[in-house]
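>>> dropping a prediction and its sequence here:
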Amino acid sequence: MHKVKVGLISFAHLHAVSYLQALLKRQDVEVVGIADEDRERVEPYIQTYSIPYYADYHDLLNSSVDAVIISSENSRHAEMTIQAAQHRKHVLCEKPLGISKDEMQRMITVCKENGVQLMTSFPNRYIPMVVQAKDVISRGEIGRIVAVKATNKGEMIGGWFNDRTRSGGGSVIDHTVHVMDLLNWIFGSPAVEVYAEASNIFHDIEVEDTGMVHVKYANGVIAALDASWSRTRAFPYKRDLTMELIGTEGVISIDYFAQINEVYSETMGHAEWSYWGDDKDQMLIEDFITCLKEKRPVSITGEDGYNSTIIALAAYESIRLKRPVNL
């Protein structure tokens, strides 16, 4: 059996761990290396799974690897993706695809010029309740969608996420792109106007920890999103994803992280939610590998990454100008 040779570049983003675990479950994948200038960050994984280590990601790209998964700081996505494409390696890039329009366009162009796939990491598309909601809406079962109320709240992680030069922003860019990708995918209609407000309510940090993002779509839908780092460390689960899709003939309510058991343990000092639901990261990895093996286009493209991120960038422009901005 031919195995797809995959390498991981950077564990700066927490999703890298779940991606690695998903890769290791597959018989048709060989994890050929982990590249990270911070060896201490990846030491547990290279030791536990006997995976070759690269201090310089260029050395990994010069190996026989077929594809790489990039989970670096947001500001390095473009540089690493472009380098990978120039080495003829397929790429799965963590969200947001980039932190500026120009660099994202360059990423997409260079991947196409070198004949490699560029997939954006939006695992929420694989959530069964989201897939079913899209199907129901496509069949017109709740009439015409008129509005969406969504939340994507989380815990303030800290570190480079709070450094605007490396992250591109705070909670707005971190939590807007996931939901906007879902709405772009469900509606198949472009966003045309964005209005946003942001503040620091919960933490004394350089970037915003609270954001409200309002989006108008060409099809007439109006969406409102709470994109914030408002979850405290004592909260039982560190993030949420909810959407209420309001149609003329019905409403669909989605709460992805409702699939939990409540755990009360004195060792933690507070209640915990033990999530037992669908593993969206594993489904993302399965789809990425299958697309590469079958030589078909990836399901979530670089363009998809671009189209969600420009909404977040427009939100920052709206915050700066204190008015709605057109896309």
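Arrived safely.

>>> what residues does stretch 136-154 touch?
For stretch 136-154, the external contacting residues (Cβ atoms under 8 Å, 6 or more residues apart in numbering) are 171, 174-176, 178-179, 183, 186-187, 219-231, 238-252. The C-beta positions use only the backbone N, C-alpha and C, and glycine is treated the same way.

>>> average model confidence for that stretch?
The predicted model assigns stretch 136-154 a mean pLDDT of 97.

>>> can you give me the end-to-end distance of it?
Terminal residues of stretch 136-154 lie 28 Å apart, using Cα to Cα, to the nearest Å.

>>> swap in stretch 179-197?
Terminal residues of stretch 179-197 lie 17 Å apart, using Cα to Cα.

>>> which positions in it come out as buried?
Neighbour-count burial for stretch 179-197 flags 179-187, 191, 193-196 (criterion: 16 or more other Cβ atoms under 10 Å).

>>> A314 and V194 touch, don't they?
Yes. At 4.0 Å, A314 counts as touching V194 under the criterion of Cβ atoms under 8 Å.

>>> quick one: distance of stretch 22-36 to the chain centre.
On the basis of Cα atoms, centre = their mean, to the nearest Å, stretch 22-36 sits 20 Å off its chain's mean C-alpha point.

>>> what's the first-to-last distance across it?
In stretch 22-36, first residue to last residue: 19 Å (Cα to Cα).

>>> re the thing from before, pull the most distant pair out of the buried residues of stretch 179-197.
W185 and Y195 (22.0 Å; Cβ to Cβ).

>>> any idea where the strands of the stretch 201-327 of the chain begin and end?
Shown for the stretch 201-327 of the chain, the strands assigned by DSSP state E, counting those that start in this stretch span residues 210-217, 222-231, 242-247, 250-255, 260-264, 271-275, 325-326.

>>> now the ones you listed as CSV including mean pLDDT and mean neighbour count?
Written out in CSV, the entries for these read as follows (pLDDT from 0 to 100; neighbours: other Cβ atoms under 10 Å):
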stretch, mean pLDDT, mean neighbour count
strand 210-217, 98, 21
strand 222-231, 96, 22
strand 242-247, 98, 19
strand 250-255, 97, 15
strand 260-264, 84, 10
strand 271-275, 80, 14
strand 325-326, 98, 14
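
>>> for S18, which of these is the nearest?
Judging the strands of the stretch 201-327 of the chain by Cβ to Cβ, what sits closest to S18 is strand 271-275, at 11.8 Å.

>>> tell me the centre residue of this protein?
The geometric centre of the chain, computed from its C-alpha atoms, lies nearest to K95 (Cα atoms, centre = their mean), at 3.8 Å.
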